[in-house]
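In: Predicted model, plus sequence, below.
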Amino acid sequence: MNKTITKIDSIPNLAIKKRVAAYTRVSSGKDAMLQSLSAQVNYYKKLINENHMWDFVGVYSDEALTGTKDSRAEFQKLLKDCRAGKIDMIITKSISRFARNTVTLLETVRELKAIHVDVFFEEQNIHSMSGDGEMILSFLATFAQEESRSASENMKWRIQKDFNEGIIWGGKSCLGYKLENRKLEMIPEEAEIVRLIFKLYIEGHGADTIGKILDSKGVKPKYASKWSRSTIMQIISNYNYTGDLILQKTFRDNHLTKRKVMNKGELDQYIVENNHEAIISHEVFEELQRIRKEKRKRSVSPSIQKHYSFKGMVRCGVCGRAYVRKTTPSKHIWKCSFSVTKGIEACVSKQVPDCQIIQASNHILNRTEFDENYFKSKVESIEVMSERRLTFHLKDGTSKDNRWNTSRSESWTEDMREQARIRRINQMKGRVLHG
């Protein structure tokens with residue numbers, strides 16, 4: 001029998017294209033001035049498309065002051081797409097653009113390396129998947145973090161030097177003034193509004209009432225469409241209207257988070273007398289402060305002040321105002337103060353059940369029971385974001401996110417469920433009696 005042998009040629013291995021994305025983080029300062037976001041998107045899109053071995057996935061970009069990963073929405077989306085297997089490589093400008101914190105950088109790079117996602121840092125010409133990539137990244141990230149700290153300290157020194165000489169540094173001008181060449185110049189028509197606000201308050205009108213009066217007259221605030229209680233309170237407590245200037249009322253807490261906090265004595269403040277034209281006399285200003293103090297004494301007696309664990313710590317991620325605690329028939333909730341005073345059309349933020357903040361706090365701090373003292377030793381503030389997300393800003397400079405239950409019934413206690421059951425029974429009885 002003759003054997004017939006037929007050779008079957010091997011199938012050549014086809015090169016698989018690498019799916020590549022880019023990440024940029026644009027600060028509102030120097031990067032925004034040097035290069036627009038659209039220019040960066042076009043640069044990376046062109047760079048990736050010109051390589052025939054790459055497939056362009058997209059450009060993820062955040063505008064932020066911090067380099068912590070938890071506070072960057074686009075960065076989180078990038079990591080989510082990496083975990084979903086949609087990306088093989090990330091291109092980013094530099095270590096400092098990816099993360100200013102060495103710990104954050106290494107944690108992220110290690111997680112991506114475990115799922116075979118490479119990160120290429122252009123300025124340093126480093127691939128995270130290379131053999132010595134992590135060692136070099138750790139070394140360079142430490143220097144980047146120290147450089148950021150040094151630059152921050154130099155800027156603080158420069159700002160404090162100007163403050164010492166009575167020079168205004170940054171910030172927005174308040175109602176009644178414009179900021180020209182670091183000097184406050186009066187705007188006469190706005191100054192009249194300020195005087196009216198002081199006059200109405202001294203006459204006995206509250207902040208909410210004053211806001212409604214101004215809205216009814218068609219008078220607009222400087223930076224919003226409608227007046228709010230907080231805007232009125234900021235105006236009547238602004239010492240600058242006397243013609244004197246107080247400098248360094250706020251400061252940035254550290255070079256990593258760069259969150260603005262009130263100066264409660266941590267740093268020197270500077271008073272510059274007769275710095276600019278006064279809108280309110282010292283006598284009128286002091287009289288209003290005396291009335292405010294008396295109102296506070298009358299409204300809340302020290303003996304009956306209520307203590308809430310999260311008081312003063314919860315802020316709105318939509319409008320930036322404080323959250324206040326409210327009691328409903330079934331539970332205690334926290335709600336944006338702007339939404340409370342002006343209605344839901346003023347701020348679309350979500351209300352949060354008190355029990356959900358407690359659960360989220362325990363989860364973030366890895367505790368089984370809530371301990372207020374421990375909580376306040378670790379947490380600086382809580383921000384209520386969209387999509388039922390709480391962002392915890394910790395005192396070590398990091399931020400962590402936690403979502404609360406989308407189902408209302410999941411957050412109910414046994415007592416709340418029993419109350420709801422009784423209400424349903426009473427409603428059914430009412431229908432029968434009136435049926």
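Out: It's in.

In: Please report the distance of A114 from S349.
Out: Distance from A114 to S349, counting by CB to CB, to the nearest Å: 36 Å. To be clear about C-beta, it is placed using only N, CA and C from the backbone, and glycine gets the same treatment.

In: Need the three-state assignment for Y23.
Out: At Y23, secondary structure determined by DSSP: H, G, I helix; E, B strand; the rest coil is strand.

In: rewinding a little: A114 and S349: who's more crowded?
Out: Taking other CB atoms under 10 Å, A114 and S349 do not tie; S349 has more neighbours (21 against 8).

In: I figured I202 hits Q289, correct?
Out: No - I202 is beyond contact range of Q289, at 10.6 Å (criterion: CB atoms under 8 Å).

In: Pull the number of nearby residues for E203.
Out: Using other CB under 10 Å, E203 is surrounded by 9 other residues.

In: Put the alpha carbons of stretch 106-120 into PDB.
Out: C-alpha atoms of stretch 106-120 as PDB (Å, rounded to 0.1, in the frame of the first residue of the first chain):
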ATOM      1  CA  LEU A 106       2.700  51.900  43.700                       C
ATOM      2  CA  GLU A 107      -0.600  50.500  44.800                       C
ATOM      3  CA  THR A 108      -2.200  51.400  41.400                       C
ATOM      4  CA  VAL A 109       0.800  50.200  39.300                       C
ATOM      5  CA  ARG A 110       0.900  46.900  41.200                       C
ATOM      6  CA  GLU A 111      -2.900  46.300  40.700                       C
ATOM      7  CA  LEU A 112      -2.600  47.000  37.000                       C
ATOM      8  CA  LYS A 113       0.500  44.900  36.700                       C
ATOM      9  CA  ALA A 114      -1.400  41.900  38.200                       C
ATOM     10  CA  ILE A 115      -4.000  42.200  35.500                       C
ATOM     11  CA  HIS A 116      -1.300  42.600  32.800                       C
ATOM     12  CA  VAL A 117      -1.900  46.300  32.100                       C
ATOM     13  CA  ASP A 118       1.300  48.300  31.400                       C
ATOM     14  CA  VAL A 119       1.700  52.000  32.300                       C
ATOM     15  CA  PHE A 120       4.200  54.100  30.300                       C
END
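
In: Okay, buried residues for it please.
Out: For stretch 106-120, a neighbour-count test (16 or more other CB atoms under 10 Å) marks L106, T108, V109, L112, V117, D118, V119, F120 as buried.

In: What separation is there between the last one and I95?
Out: Applying CB to CB, one obtains 11 Å for the distance of F120 from I95.

In: How about the second one?
Out: T108 sits at a distance of 11 Å from I95 (criterion: CB to CB).

In: Name the next helix or strand downstream of the helix or strand of the chain with the lowest mean pLDDT, please.
Out: None of the helices or strands of the chain scores lower by mean pLDDT, DSSP states H and E than helix 30-34, at a mean of 48. Next in sequence after helix 30-34, counting helices and strands by DSSP states H and E, comes helix 37-49.

In: tell me the contacts of Q234?
Out: C174 (CB atoms under 8 Å, 6 or more residues apart in numbering).
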